[in-house]
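J.: My questions concern the predicted model and sequence given below.
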Amino acid sequence: MSAAPDVLRLTGYAHGGGCACKIPPGELESVVAGLLGPAVAPAVPGAQLLVGLEDGDDAAVVRVEGGRAVVATADFFTPVVDDPYDWGRIAAANALSDVYATGAEPLVALNLLCWPRGVLPMEVAGRVLEGGLAVAREAGCVVAGGHSVDDPEPKYGMAVTGLADPDALLRNDAGRAGVPLSLTKPLGIGVLNSRHKATGEVFAQAVAAMTTLNRDASRAALAAGARCATDVTGFGLLGHLYKLARASGVSAVVDAAAVPYLDGARRALADGYVSGGTRRNLDWVRPHTSSSLPEEELLLLADAQTSGGLLVAGEVPGAPVVGELVPRQDAVLLVR
C-alpha cells in the first residue's frame, strides 16, 4: 500500500534508516580498539566489570554488591518508518533489546531525541515519544526523562538500565561447539524498510516484527539453559554471528534454507532495495566466510535489521534452529 501524497514522510528527512545507519563494523572496531586500556578501579565498592568493549556485546554489565548485575546500553537512530508513533515504538523496542540480549530485565530508560525543530513540528516529536513510552510500559520499564538537542536530522532512541543475575548472563563469548543456533524473529526487515523509504509502501509485517519485544525470547533462552546470545540488528545475521563465533573461539554453520524471512523480503531484494549498510556487512564478513551460495542469498543473511530477534546458542521453544556452532575451522562462518 502506498502512502497518500499529503502524508508526512519522516524517512525523507534522513540519509538512511534505522540500524542500517550504523557505522560499518570494521571501521567501528578500529576506533574502539584504542579504548581497551587498563581497567579502571570502580568508584562503587565491590563493583566488577563483567562485559565491556572486548567482544562487542549488546550492553555493558557490571556486578554490584548483593548478587546483582547492572546492565547499561544506549541506542538511537534516524526514522525507519514514516509513522512517528510507530518509529517511537520501534526505537524503544530496539533499545530494550540490548538489555534482553544479555538476559537482563529493563528497569529505567531515558529518552534520546534529536529534532530539527525549525523543519518538523514538535507535535510530531511528541508522537514519537508517545510511541516509545507505550513500548517501555509494555516492558514494565520506567521512562524518567532524557535529553534532547536541536539537530538537522531527526533521531530517537533510549538509554536503558537493567538488572540481571551475574551468574546467568547471555553473552557473546560463551558459545561452545556442538550447540545449535536458534533465531527468534524472521529476517528481511532491512530490505522491506529500504523499500518503504523509497516508495512509501507500508509493510505491517515488518512493523509488527520490529515492535515485538525480545523479552519472552530472552526469558525462554535463559529457562532453556542458554548462556550465549546476541540480538540481530544493524550488522545482520552474518555480522552478529561472526562476532559471537569469533569471541567464543568457534566457527558457526548456517543452514540458509532454515532461516525464516518476512513476507515480501525476497521480492524487495529482487527489486533492488538493498541498503548500503547491508552491502558493507557482507563485505566485512566475506573474508571470514566459506560459502557457495549466490550473492543474493548472502545479502539477505547480511541484511541490516532494525529491532531484530535474538540469535541464541541453544534451542529456544518455538524458534527455528538455523545452524550450529562447531570447532574452529579456517573460516569462522560456514554458510550452506
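T.: Everything's here; your move.

J.: secondary structure element for residue 70?
T.: Using DSSP states H and E, residue 70 maps to strand 68-77.

J.: what's downstream of that strand, the next helix or strand?
T.: Scanning forward in sequence from strand 68-77 by DSSP H and E, the next helix or strand is helix 84-100.

J.: now the angle from that next one to strand 68-77?
T.: Orientation of helix 84-100 against strand 68-77 (axes from the mean of the first three to the mean of the last three C-alpha atoms, to 10 degrees) gives an angle of 150 degrees.

J.: Helix 84-100 packs against which elements?
T.: Contacts defined by 3 or more C-beta pairs under 8 Å, 6 or more residues apart in numbering; DSSP states H and E place helix 84-100 against strand 68-77, strand 105-115, helix 122-139, strand 155-164, helix 204-211, helix 215-223, strand 229-231. C-beta here means a position set from N, CA and C on the backbone, and glycine is covered the same way.

J.: Recalculate using a threshold of 7 Å.
T.: strand 68-77, helix 122-139, strand 155-164, helix 204-211 (3 or more C-beta pairs under 7 Å, 6 or more residues apart in numbering; DSSP states H and E).

J.: Give me the sheet partners of the strand holding residue 70 and which way each runs.
T.: When pairing is defined by DSSP bridges, strand 68-77 lines up against strand 60-64 (antiparallel), strand 155-164 (antiparallel).

J.: Mind telling me which of those the model trusts least?
T.: In terms of mean pLDDT, the lowest-scoring of those is strand 60-64 (a mean of 95).

J.: buried ones in that strand?
T.: By neighbour count on 16 or more other C-beta atoms under 10 Å, the buried set for strand 60-64 is 60-64.

J.: quick one: it to chain centroid distance?
T.: Centroid displacement of strand 60-64 relative to its chain, using C-alpha atoms, centre = their mean, to the nearest Å, is 20 Å.

J.: what's in contact with it?
T.: With C-beta atoms under 7 Å, 6 or more residues apart in numbering as the test, strand 60-64 has contacts from 44, 46-52, 69-72, 102, 164, 166, 169.

J.: Please export the C-alpha coordinates of it as CSV.
T.: Extracted C-alpha coordinates of strand 60-64, given in CSV (Å, rounded to 0.1, in the frame of the first residue of the first chain):
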residue,chain,number,x,y,z
ALA,A,60,27.8,-3.3,29.4
VAL,A,61,27.4,-5.4,32.5
VAL,A,62,28.8,-4.6,36.0
ARG,A,63,28.5,-6.9,39.0
VAL,A,64,27.5,-5.0,42.1
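
J.: Now do the helices in the stretch 201-336 of the chain.
T.: With DSSP state H, counting those that start in this stretch as the criterion, the stretch 201-336 of the chain has helices at 204-211, 215-223, 236-248, 265-270, 276-285, 295-301.

J.: buried stuff in the last one?
T.: Neighbour-count burial for helix 295-301, with 16+ other C-beta under 10 Å as criterion, is recorded at 297-301.

J.: now swap in the fifth one and tell me
T.: Residues of helix 276-285 classed as buried by neighbour count (16+ other C-beta under 10 Å): 277-278, 280-282, 284-285.

J.: can I get the buried residues of strand 60-64 in JSON lines with distance to residue 226?
T.: Shown next, in JSON lines, are those (distance: C-beta to C-beta, whole Å):
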{"residue": "60", "distance to residue 226": "20"}
{"residue": "61", "distance to residue 226": "16"}
{"residue": "62", "distance to residue 226": "21"}
{"residue": "63", "distance to residue 226": "20"}
{"residue": "64", "distance to residue 226": "23"}
